[in-house]
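> no FASTA, just this:
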């Protein structure tokens, strides 16, 4: 299969690594899939906004403005502190799974022409796949350190969402986990009795993860980005 050449801004063309000259991995499909997460995020935000606008109209029908205001404030707080948190955490989990699957697909392509197999590498998930790409394709991850550091932080965040209900942790657990994720933009930590609750301030945490994944996979797939 002919190499894929892609314009990477300023008219500069980039060519995929020769190890990925295989129709089993389609970079255009990857771009479409990652962009789908952005579209889903837009739909999520729009749906929440429309729900709030609809509720505002309903509350305006209540005769007592003070009661209406209190009820709406409670509902708005509930939506922002629960519904949005649920949406955003689920997108983070889905994005992480997408990244993991994408890295596996790249490893499978490389494995076809190499004696060293994926199963020969110790570790699990993205860490196993990173090691394989380093050993087999000899990818220099030094230029991708920024993205990899962020992905490692999102790994901890994803694990929290998977293993802890609504990311509610006791303080002893939080002390171990907080240092791993506190650099992620858009997160805040709220104390609740003896527990700590992680919340999204807005959708920037999700947007940054999408951007990081796109950059990370591009730098693995193409030569000399």
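Thanks, I have the structure now. Note that this is a predicted model, so its numbers are computed, not measured.
> Tell me the buried residues in stretch 96-113?
96, 98-100, 102-107, 109-111 (16 or more other CB atoms under 10 Å). Quick note: C-beta positions are derived from backbone N, CA and C, even for glycine.
> Need the mean per-residue confidence for it.
Mean pLDDT, computed over stretch 96-113, is 94.
> what is the mean pLDDT for stretch 51-62?
Mean predicted lDDT for stretch 51-62 stands at 66.
> where exactly do the helices run in this structure?
Here the chain has its helices, by DSSP state H, at 27-60, 65-78, 84-111, 125-136, 145-163, 171-181, 204-221.
> Make CSV from these and add distance to residue 14 to it.
Formatted as CSV, the helices of the chain follow (distance: least, CB to CB, whole Å):
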stretch, distance to residue 14
helix 27-60, 10
helix 65-78, 46
helix 84-111, 16
helix 125-136, 18
helix 145-163, 16
helix 171-181, 32
helix 204-221, 8
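> rank these by pLDDT, which is bottom?
With a mean of 63, helix 65-78 has the lowest mean pLDDT of the helices of the chain.
> Looking at the helices of the chain, which is nearest to residue 196?
Smallest distance to residue 196 across the helices of the chain (CB to CB): 4.1 Å, for helix 171-181.
> returning to what we had before: would you mind saying which of the helices of the chain lies nearest residue 21?
Taking the helices of the chain one by one with CB to CB, helix 84-111 is closest: 8.6 Å.
> packing partners for the closest one?
Contact here means 3 or more CB pairs under 8 Å, 6 or more residues apart in numbering; DSSP states H and E; on that basis helix 84-111 packs against helix 27-60, helix 125-136, helix 145-163, strand 195-200, helix 204-221.
> How many residues are close by the nearest residue in space to residue 191 that is not next to it in sequence?
Distances taken as CB to CB, 6 or more residues apart in numbering place residue 197 nearest to residue 191, at 7.8 Å, with adjacent residues excluded. When neighbours are counted by other CB atoms under 10 Å, residue 197 registers 18.
> One more: residue 203?
The burial count assigned to residue 203 is 18, neighbours taken as other CB under 10 Å.
> quick one: residue 181 from residue 161, how far?
The spacing between residue 181 and residue 161, counted by CB to CB, to the nearest Å, is 11 Å.
> brain fart, residue 102
For residue 102, the distance to residue 161 (CB to CB) stands at 20 Å.
> so which of the helices and strands packed on helix 84-111 gets nearest residue 90?
Residue 90 sits nearest to helix 145-163 of all the helices and strands packed on helix 84-111, at 8.0 Å, using CB to CB.
> tell me what the closest one is packed against?
Other elements packing on helix 145-163 under the criterion 3+ CB pairs under 8 Å, 6+ apart are helix 84-111, helix 125-136, helix 171-181, helix 204-221.
> Let's see that with 6 Å instead.
Applying 3 or more CB pairs under 6 Å, 6 or more residues apart in numbering; DSSP states H and E, we find helix 145-163 packed against helix 84-111, helix 171-181, helix 204-221.
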